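1. give the three-dimensional model of this entry:
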Amino acid sequence: MHTTDELLGERALSKLKWRCRRGLLENDLFVERFFGKYEAGLTVRQAKGLDDLMDLSDNDLLDLLLKRKEPDQLSAISASTAEAREVLALMRTPPRAP
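-> All right, here's what the predicted structure looks like:
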């Protein structure tokens with residue numbers, strides 16, 4: 001049994017990465033940056049949040065990532081879970097300047 005703070009296993013991480021492939025390049029860039037930054041410490045809880053966000057349409061996801069909308073403005077309940085909001089905040093964090 002997994003606890004929510006347990007690190008995500010290699011097999012589950014691989015499945016999650018496949019699940020996160022998107023139709024819009026802009027979304028893929030956010031997802032790639034997220035994995036590049038947080039992959040090594042990704043927890044089961046965060047994986048659930050990311051999975052919840054992947055239930056959204058590409059356009060709804062992009063609106064969230066670009067802060068054009070907030071989760072409570074979407075009809076999709078999955079975007080409003082605590083886990084999804086946590087991951088969304090991480091994904092919205094701008095990259096650090098070199």
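2. can you tell me how far the residue most central in space within the chain is from residue 14?
-> The C-alpha lying nearest the average C-alpha coordinate of the chain belongs to residue 50 (C-alpha atoms, centre = their mean; 3.3 Å). For residue 50, the distance to residue 14 (C-beta to C-beta, to the nearest Å) stands at 13 Å. C-beta: built from backbone N, CA, C; applies to glycine.
3. could you pull up phi and psi at residue 43?
-> Here is the backbone geometry of residue 43 (degrees, to the nearest 10): phi -100, psi 170.
4. any stretches of this structure with poor pLDDT?
-> Scanning the chain with the threshold set as pLDDT under 70 gives 1-3, 97-98.
5. show me what counts as buried in the longest helix along the chain.
-> If you go by DSSP state H, the chain has its longest helix at helix 25-38. By 16 or more other C-beta atoms under 10 Å, the buried positions in helix 25-38 come out as 27, 30, 31, 34, 35, 38.
6. how about stretch 10-17?
-> 13, 16.
7. send the alpha carbons of that stretch over as CSV?
-> What follows is stretch 10-17 as a C-alpha-only set of coordinates in CSV (Å, rounded to 0.1, in the frame of the first residue of the first chain):
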residue,chain,number,x,y,z
GLU,A,10,10.1,4.0,-11.5
ARG,A,11,7.3,2.1,-13.3
ALA,A,12,4.6,4.4,-12.1
LEU,A,13,6.7,7.4,-13.1
SER,A,14,7.1,6.0,-16.6
LYS,A,15,3.4,5.5,-16.9
LEU,A,16,2.7,9.0,-15.6
LYS,A,17,5.1,10.5,-18.1
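8. show me where this protein has helices.
-> 10-19, 25-38, 44-54, 58-65, 82-92.
9. any idea which of those gets closest to residue 4?
-> Closest to residue 4 of these is helix 44-54 (C-beta to C-beta; 3.8 Å).
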